[in-house]
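In: below are the sequence and a predicted model for it; my questions follow.
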Amino acid sequence: MKKILIGLAALVVVIVVVALAAPFLIPVETYKAKIAEAARAATGRELSLNGDIKLSILPRLELQASDVAFANAPGAATPQMATLDKLVLQLQVWPLLAGQVKVDSFVLERPVINLEIDKAGQPNWQFAAAQPKASAPAPAEKPAAGTMTLPELSLGDVRVENGKVTYRDARSGQSVELSNINMKLSLPDLDSPVKADGSLTWNGEKLTLQLATENLRGLIGGKTTPLKLSLNSNPVTLAYQGSVTNAAPPKIDGTIDLNVPSIRKLAAWTGNPLNAPGDGLGPLKISGKIGATDKVFGFTDAKIALDQTNATGDLTADISGKRPYLKGRLDVDKIDLNTYLPPAEKQKAPAGAQTAGTQTAGAKAGPGGWSDEPIDLSGLKAADADFALSVGGIQVRDIKIGRSALTVALKDGLLNLDLSELNLYDGKGKGKLSVDGRG
């Protein structure tokens, strides 16, 4: 037994000495060549390690590389798909023997990623397939949702500093650039709260992002897990607080708050300016409860405020049947359509001009008239719906309409509209309309 222990001790000493000495005995260029060769075999593209590279094994596995470049696809707009000023990876070695992954540091400094789709529709993130081996093992079956397992994981200093991502589509000419990307991830272990914080700049506006969940192991294992998500910027803020279930079927359940100070400014910021008349389409606020599975989406207890209009309502969409089924209601306090109309023009008819509804003697009627082409009602079969709308008042120019209520029922291509209430000046009205698109 004594000889065995002495032998094991000697073996450990040799391993430690070799691990400490290997980075000094093996030339750095050998590291670079092996890494570049592996990247070329996996992707078919060149990986250039132009700067210094440092590798050590004990007391922890540490890799540092600078001035890294990864080649783009042939014919791409930029020669490099990705560049990196510096990479730092520090990984504890001994926990790996117990099946634990403990990352002390993983830092990317000034990464630049150029995503692109060429005119033929080929994205540059699809790489050349690796040559198959003669006796490749059969691929392992993917675990079902909610059954995926991970080794024990602990992340220390995980950051992205001053990154940039560009996207170009040669087919449409679309171009997007995200700059000043800074992200930080905190994960002490799989049973601790996970936090991700970051920011980026798009179209001259800074966006901050925050994500937090209480238990990553539970989320991966299919348990219902609390989740918070927020996006903040000058043009728009969005927040979700609730839970997520990563199981079959997946499910989300929580509250959502959306705040847009100006719809017009938001549209201009996204590159789609609105040329709509009037001075409306200003502030928009939406809040309510959201619940969704893979087949049913619901938005309940909704509160909506647009300009001077306030509304409450509910909406449910069910796509589990042969046709989508929509059910909801919307109660609006008032609608002033003048806010969305151009200013009324008052013009005097020139002398000798005909007034509306008159015709000079002997003149012939124009070729106009009602079309006798059949009306295509096939679109009524696209979905079924039950919807109720009530409005406290509507104003269009000088016309004022009082409280009105309308219900819409659509089933199997048959549309029924029921105007159950209409108050116009000192009168009241009702009406029904049916449109049959079944035939």
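Out: That came in fine, so what should we check first?

In: pLDDT weak spots in the stretch 101-250 of the chain?
Out: Scanning the stretch 101-250 of the chain with the threshold set as pLDDT under 70 gives 129-151.

In: where's Leu433, which helix or strand?
Out: strand 427-436 (DSSP states H and E).

In: could you do Leu200 as well?
Out: Using DSSP H and E, the element containing Leu200 is strand 194-202.

In: tell me which other helices or strands that strand touches.
Out: strand 174-187, strand 205-213 (3 or more C-beta pairs under 8 Å, 6 or more residues apart in numbering; DSSP states H and E). Every C-beta, even on glycine, is put in place using the N, C-alpha and C of the backbone.

In: at 10 Å what do you get?
Out: With contacts taken as 3 or more C-beta pairs under 10 Å, 6 or more residues apart in numbering; DSSP states H and E, strand 194-202 sits against strand 152-169, strand 174-187, strand 205-213, strand 224-232.

In: and Gln64, what pLDDT?
Out: Model confidence at Gln64, given as pLDDT, is 86.

In: which residues does it bridge with?
Out: Lys54, Val88 (DSSP bridges).

In: again with the one 5 residues further on
Out: According to DSSP bridges, the partner residues bridging Ala69 are Ser48, Thr83.

In: isn't it right up against Pro111?
Out: No. Applying C-beta atoms under 10 Å as the test, Ala69 and Pro111 come out as separate, 11.1 Å apart.

In: quickly list what's touching both of these two.
Out: Common contacts of Ala69 and Pro111 (C-beta atoms under 10 Å, 6 or more residues apart in numbering): Ala82, Thr83, Leu84.

In: using PyMOL, define a selection of the buried residues within those residues.
Out: The following PyMOL line selects those of those that are buried, judged by 16 or more other C-beta atoms under 10 Å:
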select buried, resi 82+83+84
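
In: nearest to Val244, out of the shared contacts of Ala69 and Pro111: which one, please.
Out: Ala82 (30.7 Å; C-beta to C-beta).

In: any idea of the pLDDT on the closest one?
Out: Ala82 carries a pLDDT value of 93.

In: so what's it up against?
Out: Neighbouring residues of Ala82 by C-beta under 10 Å, 6+ apart: 47, 68-72, 111-115, 125, 165.

In: separate out the buried members of the residues you listed.
Out: For the contacts of Ala82, a burial check counting by 16+ other C-beta under 10 Å picks out Leu47, Val68, Ala69, Phe70, Ala71, Asn72, Pro111, Val112, Ile113, Asn114, Leu115, Val165.

In: separation between the spatially closest residue to the fourth one that is not a sequence neighbour and Lys119?
Out: Beyond its immediate neighbours in the sequence, the residue positioned closest to Phe70 (C-beta to C-beta, 6 or more residues apart in numbering) is Ala82, lying 4.3 Å away. Here the distance between Ala82 and Lys119 works out to 22 Å (C-beta to C-beta, to the nearest Å).

In: just the local confidence number for the residue nearest to Arg110 when sequence neighbours are not counted, please.
Out: Residue nearest to Arg110 in three dimensions, not counting chain neighbours: Asp85, with 3.9 Å by C-beta to C-beta, 6+ apart. On the pLDDT scale, Asp85 is placed at 94.

In: contacting residues for Asp331?
Out: So Asp331 contacts Asn310, Ala311, Thr312, Gly313, Asp314, Ala388, Leu389, Ser390, Val391, Gly392, Ala405 (C-beta under 10 Å, 6+ apart).

In: before we move on, what about Glu152?
Out: Pro95, Ala98, Gly99, Gln100, Val101, Lys102, Asp189, Leu190, Asp191, Arg217.

In: apply 6 Å and report the result again.
Out: Gln100 (C-beta atoms under 6 Å, 6 or more residues apart in numbering).

In: what residues are bridge-paired with it?
Out: Going by DSSP bridges, Glu152 is paired in beta bridges with Gln100.

In: gap between it and Ser186?
Out: Here Glu152 is placed at a distance of 16 Å from Ser186 (C-beta to C-beta).

In: kindly report the same for Lys251.
Out: Lys251 is 26 Å from Ser186, by C-beta to C-beta.

In: wait, is the residue nearest to Arg110 part of a strand?
Out: Yes. Asp85: assigned to a strand according to DSSP: H, G, I helix; E, B strand; the rest coil.

In: pretty sure it is touching Val112, no?
Out: No. Using C-beta atoms under 6 Å as the test, Asp85 is too far from Val112 to be in contact (8.8 Å).

In: tell me the secondary structure of Gly218, please.
Out: helix.

In: so it touches Thr224, yeah?
Out: No. Contact criterion C-beta under 6 Å: Gly218 and Thr224 do not qualify, at 8.0 Å.

In: got a list of contacts for stretch 384-402?
Out: Residues outside stretch 384-402 that contact it (C-beta under 6 Å, 6+ apart) are 323, 325-337, 403-411, 423-424.

In: so which of these sit within strands?
Out: 325-332, 335-336, 403-411, 423-424 (DSSP state E).

In: filter those residues to the buried ones?
Out: The buried subset of the ones in strands among the contacts of stretch 384-402 (16+ other C-beta under 10 Å) comprises 325-326, 328, 330, 332, 335-336, 404-407, 410-411, 423.
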